[in-house]
Every structure is written in C-alpha cells, then in structure tokens.
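K.L.:
Sequence isn't available, so here's the structure alone:
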C-alpha cells in the first residue's frame, strides 16, 4: 500500500511535469509558428466580400450551410457596426440571418442577444454579430453529435443524405 | 417441452433484473435527459443485451463478444474515434492565443489527484491509473487507457462514469468557478487576437505535435497521432472527402460499436459491486479537482497578465469539448451579458485534449 502510494505520488509528479513540459513546448512552437507564418490581419470589408461570395456559391448549389459565415466570423472584424455609407455588407446580413435562425432554434429571444449600439463598440476588434455567429457556430461544431431530432448544422441531413 | 414454452423466463435472476433496470436508467439519461445521448444510448443497449438471460450475446462467440475482441480489446475503436475527434477539432483559438495552452495543462491535475485518491481507497496502482484517467474528461482517452490497465470488469463503469460526468459538466463546474473567482475577475473582457492563424501554421502544427508528443511520451503516440492526423485532414484542405468521412461516417459508426461493446462488459457479476460506486465517487472528485486546478491557474494568469485573462476560461482546460468552453462562456455571460469568452475558452479546451492524451500516455508508459 505504502509502496504503491509512493509509486503513485511519483507518477503524479512526473506525469504533471511531463504534461506541463510538453504543453509548454507546444506553446513555444505555436509562438514560433505565429512569428514565422503570421496570419493576415483581415479587414471586415474583404472578409465580408469573401464570405458573401462563399454564401452566394453555397446558395446557388442549393445548400443551407453556415460554414462560409463561420470562416468569416472566425476572423476578428475591425470595424464598428453602423459605420460607412449605410449599406450593410452581404456577409453581415448572412451572419445576422444565421444568428437569428440559431437564436430562434434555441428558443432564445433575438433581442436578448443583441447588444445596443453603445455597447457594440466595447468589443474591440470585433462586431457583435461576428461574435454571435462565431459562438453559435462554435456550439454547432462540437465534438459530440447532437441527439436525434436536434438540428446539428452538419452537412449530413437524415432526409437528404450527404449534401 | 414446457421449458421451451417458457423461453428464457426461468433464467431471470434478481441481479439480471437489476442490470436491466440500470440499462434502462442509462438509456433514460441519454434519451430523456440528453446526457451524451450518442454514447449513453448504445452503452445502455449494450448493457441490456448483455444481461438478457440465455442469449449468449456478450460471450466470446456472441456478436457483441466478437465486436469487443475486434475493436475494444485491441484499443482500435477509441483510436478511430479520436481520428474523428481530431477532424472535428479546430485548433485555431489555441494557435491565435498560445498562452492559453497552459490552462489545458493545469486541468490535468484532476487525473493524478484521482489516481492518488484511488490508491488511498485501496485500488492497486494499475486500476488506480485507469480510474484516474476519468479526470481527463475525454471518452476515447479514458477507454484507451482503461482497456490496457484496468480489469475487464472495470471498463464499463469507468466509461459510463466518464461520459456521465462529461455530460454533467454544466452542473459540476459553475459552483466551483463562482466559488473560486471574484466578480471583478469574472467580468474581465478579453481582447481578440488581431491576426488569423495562417494556413501554414495550421498545417504544420499537427505534424510537429505528432513528432514531439511521440518522442516525449511514446505511449501517447497512437492517441496523439490519430487526433492530429484527423486535424490535418481537416486543415490541409485537399482531402475534403476524407475529412468529412472522419467527421461523420467514421466517428458515427465507431461510436455505435464502441458504445455497444463497452456496455456489453457491464454484466451483473462484474458491475454489481460496491467498488463500482467508488469509481463513480472518484470520477466526480477528479472532475472537481480538474476544475479547481484550471480556475486557480487561470487566476495565476489573471494576475500575471495584470487582469487581461479571465480566470473562468481555466475551467475549460477540462477537455470535455466543447461543453467546458461553453460553461466558461455561460458563467461569464451570467455575470455580464456583454462578456464573450467562448473563443478564448476553446484554446484551453482543445489544449486539454492534447494534455489528457499526453497524461494517458505517461500513465501507460509508467505502469505497463
């Protein structure tokens, strides 16, 4: 018993040490990869165009997919909502539609998920809709498939098969 | 003649009925309460089939016995499942905020605390290691480690405990998170990174992880290798068919087989023992300690960063993906609806998956 307890304490110490060591090494590698291959600073205008193009292509193919918006939503948006010439970019409309759909599906009030314009600017480097779309889509991309009858937003549809 | 008319009814035993009730309970949790339904439903049916009298389904030559030998005894099913998990996992939040990786490491304390607790309760070291891995909050890792270390009669209870507590993360974690943090800490709004993760970084990362993790903990190579291979399929962008197959067909088929075979190991003679209760108690302890360690390390990072990191995301280091990240986000939003932590919490969450695979490899490497 005492011997096994000693072995267990040794295993715990060495094990935690190795886990930390390994993940610290991963962290350093991630920093290095970030320096070596810096990602682009994505401006909302270009990203929304891309997303709109993606959404259009998806629409033409007859698919209902949130993936293009998700790609855009993953990138930090850098403009404040409501700025510009009053026109709303296509991807923003798509993100709003997705957010409203998901909020409705989850039984939430869309109003509750919408921050007033005054608070939107508090989100530095990101729009509320982008964040909301990001969160909703993140939830729909979980690792554990949903129960039967719960819409999962995956490419698989029990009725239509693989799209 | 009369025996034939009675079928298997004369073979019904009290313990068999108890196991059928437990099977129905597991099915109820999955279907009615939606606790990890895709795992608990097949497990429940596996328990039910294995405990129906005179069927022989779970014997070595029965179909569940054959499935068990084909995929569980040799750890094939959990590895295939990890391939699918990798294909579903987005490491971008971790790539964008590498420092959150440390939170994924801190939460692995739960594994080793549970191991010590199991030893103190009288389990031998191999079974204690298998029970401790429940704290990884990762189904495939738990099954992969327990099938190599634990007695066969513990496989079922360990898997059921792991999946049950993973489903109950929204109940287990919030009180601990609120207890260990101040309102000021919970209100911290974190900055989003200004740059996206580049394609090269997303493709190189899984390859580097496979090499490095396999060198540090060779026993973790199957788990980490499958996880990162799945992620590479997703990120590389030229094998969409394979990525989709791993994300859908492969993981779904494996889930059915894994659930059925794990359930079939839970027969009355193996499951109805007082020590089964001990496994569930230690499993709960492991989840609590993992949450405590993650949040406390989150507080350390909060002070080290001068208030820029919300300690709530430390709880997401418990690698129940994405449940733990969603819980961190929700607790933050409960405090202030304008707090959005989900993407920040996904960093420690996916780092926790890596950390638990490494921890499992270390335990296997030491005890095998």
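P.N.:
Yes, it's here. As the structure is a prediction and not an experimental result, all values here were calculated from the model.

K.L.:
Tell me how many other residues surround residue B:290.
P.N.:
Residues lying near residue B:290 (other CB atoms under 10 Å in any protein chain shown) number 33. Heads up, the C-betas are built off the backbone N, CA and C, glycines and all.

K.L.:
if I look at it, how far off is residue B:88?
P.N.:
According to CB to CB, to the nearest Å, residue B:290 stands 22 Å off from residue B:88.

K.L.:
just residue B:271 next, same as before
P.N.:
As judged by CB to CB, residue B:271 and residue B:88 stand 31 Å apart.

K.L.:
where does chain A have low pLDDT?
P.N.:
A:1, A:42-91, A:104-129, A:132-133, A:136-163 (pLDDT under 70).

K.L.:
so what are the domain limits for it?
P.N.:
Chain A breaks down by automatic domain parsing into domains covering A:1-39, A:44-143.

K.L.:
and the nearest residue to residue A:15 once chain neighbours are set aside, what does it touch?
P.N.:
Spatial nearest neighbour of residue A:15, chain neighbours left out: residue B:362 (4.4 Å); criterion: CB to CB, 6 or more residues apart in numbering or on different chains. Residue B:362 makes contact with A:11, A:14-15, A:18-19, B:217, B:219-220, according to CB atoms under 8 Å, 6 or more residues apart in numbering or on different chains.

K.L.:
Next one, pLDDT for residue B:362 please.
P.N.:
pLDDT recorded at residue B:362 is 92.

K.L.:
give me phi/psi at residue B:59?
P.N.:
With angles defined as degrees, to the nearest 10, residue B:59 sits at phi -70, psi 170.

K.L.:
Now do residue B:33: how many residues are near it, please.
P.N.:
Residues lying near residue B:33 (other CB under 10 Å) number 13.

K.L.:
just checking, it is part of a helix?
P.N.:
No: Residue B:33 is assigned coil when assessed by DSSP: H, G, I helix; E, B strand; the rest coil, not a helix.

K.L.:
picking that back up, mind checking which of the contacts of residue B:362 are in helices?
P.N.:
Counting by DSSP state H, the contacts of residue B:362 place A:11, A:14-15, A:18-19 in helices.

K.L.:
Spatially nearest residue to residue B:223 (excluding sequence neighbours)?
P.N.:
residue B:357 (4.2 Å).

K.L.:
Next, count neighbours for residue B:98.
P.N.:
Neighbour tally, residue B:98, other CB under 10 Å: 21.

K.L.:
Now do the same contact list for it.
P.N.:
Contacts of residue B:98 by CB under 8 Å, 6+ apart are A:26-28, A:30-31, A:34.

K.L.:
do that again at 10 Å, thanks
P.N.:
Contacts for residue B:98 (CB atoms under 10 Å, 6 or more residues apart in numbering or on different chains) come out as A:23, A:26-34, B:193, B:347, B:351.

K.L.:
just those residues now: which is nearest residue B:139?
P.N.:
residue B:351 (17.6 Å; CB to CB).

K.L.:
list the contacts for the closest one?
P.N.:
A:23, A:26-27, A:30, B:91, B:93-94, B:98, B:100-108, B:316-317, B:319.

K.L.:
let's go with 8 Å and repeat that
P.N.:
A:23, A:26, B:94, B:100-105, B:317.

K.L.:
my read is it is in a strand, agree?
P.N.:
No: using three-state DSSP, the assignment for residue B:351 is helix, not a strand.
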